[in-house]
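Okay, structure incoming, though there's no sequence with it:
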């Protein structure tokens, strides 16, 4: 498969009062059409920065992002974002929130009835057609996130960017949402980049898991191919040996390999080292 | 067994009935009884204090004197209205008689020129304050949005806002008076100069809370919502219309409520000095008049002013509840 998205040798340096801070160093990734890629790593490792650069909300210091042969320079609906905290406009109903996006993207190409149909179709896809005309403060956190996904899907993006979409939800709701997302993905076969720090979520949903090293100067540590057959069922997979193996691969990366790097980096400061040693004792 | 059950059930019902009664009573005390007691205590202290204060215009008016003056103000109003009706009737009859005598005669209709009653003055005050307030809103809200969106503009405007915000209306009034006299020259003026003076002074004083609150509301717009707008590539004007404006509506209303309160306070002072025929002028005239009733009439005006200020605030709150999506911010 030919890659549609090329994240090419990205460095990200933020100016701070204490001097420049290198958040990302040489992040390089190609993503094919229809692929579901998860970015996983400890918090503060720059996962969100990568996503924001792909979205066009940030500009990489060096390197760049190419989508369909064109360089990404600004945000746009062909790279729709599902934000962590839903980011629905609180004064609009679920329907109106999706409508704002649809009118902006398809205002000139869709007729009035087509627009209405398309909005309702997308809300149905995320099982929100029963509460279309409710405002965000009248629905639960999971439902808000569903509407956020419907809004992004309704833009018919070339690539869907999800920034810890289920991070703020309770475990049961999160499982429901993951199942819904797999069901939608099965139908639409979108290209997706999802940020997560949930190992099970990453293995269950992804075709590839991109594991990031710790910052500063974070980069891609390892990439894990998930060749589990689709459609996937969480109950069946729970006892599957391949699944368990993949899951422990990710865990090993996060809690063995990346912990080491953290300790090595802190050798410079003896105080920080002492604290880390203490932590390790606690962990042991 | 069933008997025992029904007994406990009965007790439960009784218990809940008492607790409901208690709750109703507690609620009643808070909502109705306590304010009533407060007012009664105030009236008592007022009348006691009034008996012990002697001024050159006689004893300070107590609640009963003021109540009487409310009555006489109302009677004066009715008498004045009756005079006006009589005047128009006479005029009509006279004109009809002249037309009957000479069909080519075009009747002249003259307006009644009696003095304003207390209620006319209230109406004038309300018209003046609303005109000044609306003019200020028309300037402050768009300007506040522009200032809120642009941080350079914000830094530029900040010192001006900080310096002019605390200025008293009494300081503005002479300047406004002179400028209006110089600029507003017309043989057939649409509105009186005194009206313009009061209105512009009100505008100058109630610009600031609206300007500050609008700009803060716009500037503190949730970054995620800005990102939504950027991903959708909303054009600048649509961004303001669809995202910025609705998001800052709660803060705009807060500013409007503060401004209306300021406007009403400023208006009374402005009317006193600019001789605009409103409540402020009423107070000033009564003070200059210096009759034995004057103090009671001024006290009646004080109560009226307070009451109208309260109603204006409630009206603004009702408007906010009706128009703003954020019902939490519209709590009293």
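Received the coordinates, thanks. Quick caveat, the model's predicted, so the values are computed rather than measured. Numbering: from 1, shown residues only, chains lettered A, B, ... in the order given.

now the strands for the chain?
Since you didn't name a chain, this refers to chain A. Assigned by DSSP state E, the strands in chain A fall at A:3-16, A:19-32, A:36-40, A:62-67, A:70-71, A:81-82, A:159-163, A:191-196, A:208-212, A:220-225.

let's do chain B instead
Along chain B, counting by DSSP E, strands occupy B:54-55, B:58-59.

Sheet partners, orientation included, of the first one?
I take that to be strand B:54-55. Looking at strand B:54-55 with DSSP bridges, its partner strands are strand B:58-59 (antiparallel).

Report the distance from the partner strand to the chain centre.
Average the C-alpha atoms of strand B:58-59, do the same for its chain, and the two points are 32 Å apart (C-alpha atoms, centre = their mean, to the nearest Å).

quick revisit: of the strands of chain A, give the one that comes closest to chain B.
Judged by C-beta to the nearest C-beta, the one of the strands of chain A that comes nearest to chain B is strand A:81-82, at 5.3 Å. In short, each C-beta sits where N, CA and C put it, glycine included.

Run me through the strand neighbours of that closest one, direction for each.
With DSSP bridges as the test, strand A:81-82 is paired with strand A:159-163 (parallel).

Next, the angle from the partner strand to strand A:191-196.
Interaxial angle, strand A:159-163 versus strand A:191-196 (axes from the mean of the first three to the mean of the last three C-alpha atoms, to 10 degrees): 10 degrees.

My guess is residue A:202 contacts residue A:36. True?
No - using C-beta atoms under 8 Å, residue A:202 makes no contact with residue A:36, being 10.0 Å away.

for chain B, what are the nearby residues on the stretch 51-200 of chain A?
A:55-57, A:74-77, A:79-81, A:83, A:85, A:87, A:89-91, A:100-101, A:104-105, A:135, A:155 (C-beta under 8 Å from any C-beta of the partner chain).

now the strands of chain B as TSV including mean pLDDT and mean neighbour count?
What follows is these, written out as TSV (pLDDT from 0 to 100; neighbours: other C-beta atoms under 10 Å in any protein chain shown):
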stretch	mean pLDDT	mean neighbour count
strand B:54-55	87	10
strand B:58-59	84	14
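
May I have the phi/psi pair for the nearest residue to residue A:93 once chain neighbours are set aside?
Once flanking residues are discounted, residue A:93 sits nearest to residue A:133: 4.9 Å by C-beta to C-beta, 6 or more residues apart in numbering or on different chains. Dihedral pair for residue A:133: phi -100, psi 30, per degrees, to the nearest 10.

close enough to count as contact, residue A:133 and residue A:92?
No - using C-beta under 8 Å, residue A:133 is not in contact with residue A:92; the gap is 10.4 Å.

between these two, which one's more packed in?
Set side by side, residue A:133 and residue A:92 show more neighbours around residue A:92, with 18 against 10, by other C-beta atoms under 10 Å in any protein chain shown.

quick one: pLDDT of the more buried one?
On the pLDDT scale, residue A:92 is placed at 94.

And it, how far from residue A:98?
Taking C-beta to C-beta, to the nearest Å as the measure, residue A:92 falls 9 Å from residue A:98.

do residue A:249 as well
Residue A:249 sits 38 Å away from residue A:98, going by C-beta to C-beta.

before we move on, what about residue B:323?
With C-beta to C-beta as the criterion, residue B:323 and residue A:98 are 24 Å apart.

which one of those two has more residues nearby?
A count of neighbours by other C-beta under 10 Å puts residue A:98 above the other of residue B:323 and residue A:98, at 29 against 11.

Give me the phi and psi for residue A:165.
Phi and psi for residue A:165, reported as degrees, to the nearest 10, are phi -60, psi -30.

can you pull the contacts of the closest residue to it other than its chain neighbours?
Computed as C-beta to C-beta, 6+ apart, the closest residue to residue A:165 that is not its neighbour in sequence is residue A:82, at 4.8 Å. Residue A:82 sits next to A:145, A:148, A:149, A:152, A:160, A:161, A:162, A:163, A:165 when contact means C-beta atoms under 8 Å, 6 or more residues apart in numbering or on different chains.

Just give me the closest of those to residue B:293.
Proximity of the contacts of residue A:82 to residue B:293 (C-beta to C-beta) peaks at residue A:148, which lies at 68.4 Å.

Residue A:87 is in contact with that closest one, correct?
Yes - using C-beta under 8 Å, residue A:148 makes contact with residue A:87 at a distance of 6.5 Å.

Who has more neighbours out of those two?
Between residue A:148 and residue A:87, residue A:148 has the larger neighbour count (other C-beta under 10 Å), namely 27 against 23.

ok, now how distant is the more buried one from residue A:82?
5 Å.

just residue A:89 next, same as before
Relative to residue A:82, residue A:89 is positioned 15 Å away (C-beta to C-beta).

Could you list the domains of chain A?
With domains defined by automatic domain parsing, chain A comprises A:3-80+A:157-283, A:81-156.

Give me whichever of those is most buried.
domain A:81-156 (a mean of 19; mean count of other C-beta atoms under 10 Å in any protein chain shown).

Break chain B into its domains for me.
For chain B, automatic domain parsing gives the domain ranges B:2-52, B:118-327.

which parts of the stretch 201-332 of chain B sit against chain A?
Residues of the stretch 201-332 of chain B lying near chain A (C-beta under 8 Å from any C-beta): B:222, B:224-225, B:227-228, B:230-234, B:238, B:242-243, B:246-247, B:249, B:325-326.

so residue B:284 touches residue B:269, yeah?
No - counting by C-beta under 8 Å, residue B:284 does not reach residue B:269; the two are 10.1 Å apart.

More neighbours: which of the two?
Taking other C-beta under 10 Å, residue B:284 and residue B:269 do not tie; residue B:269 has more neighbours (19 against 16).

can you pull the contacts of that one?
B:168, B:169, B:170, B:173, B:280.

And the pLDDT at it?
89.

ok, now how distant is the residue in the stretch 101-250 of chain A positioned nearest to chain B from residue B:223?
The stretch 101-250 of chain A approaches chain B most closely through residue A:104 (4.7 Å), counting by C-beta to the nearest C-beta. Distance, residue A:104 to residue B:223, by C-beta to C-beta: 19 Å.

Pass me the low-pLDDT residue ranges in chain B, would you?
Across chain B, the ranges flagged by pLDDT under 70 are B:1-15, B:331-332.

ah, wrong one, I meant the stretch 1-150 of chain A
A:1.

Name the nearest residue to whichever residue of the stretch 1-150 of chain A sits closest to chain B, ignoring sequence neighbours.
Residue nearest to chain B within the stretch 1-150 of chain A (C-beta to the nearest C-beta): residue A:91, separated by 3.6 Å. Among residues not flanking residue A:91 along the chain, residue B:325 sits closest, at 3.6 Å (C-beta to C-beta, 6+ apart).

isn't residue A:127 right next to residue A:180, touching?
Yes - look at residue A:127 against residue A:180 with C-beta under 8 Å: they come within range, at 6.6 Å.

Which neighbours do those two have in common?
Common neighbours of residue A:127 and residue A:180, counting by C-beta under 8 Å, 6+ apart, are residue A:146.

Quick one: the helices in the stretch 1-150 of chain B, in order.
In chain order, the stretch 1-150 of chain B shows helices spanning B:2-28, B:34-51, B:63-101, B:118-149, with DSSP state H, counting those that start in this stretch as the criterion.

what angle separates the shortest one from helix B:63-101?
Which is helix B:34-51. Interaxial angle, helix B:34-51 versus helix B:63-101 (the same axes, to 10 degrees): 90 degrees.

Counting by contacts, list what helix B:34-51 packs against.
For helix B:34-51, the packing partners by 3 or more C-beta pairs under 8 Å, 6 or more residues apart in numbering or on different chains; DSSP states H and E come out as helix B:63-101.
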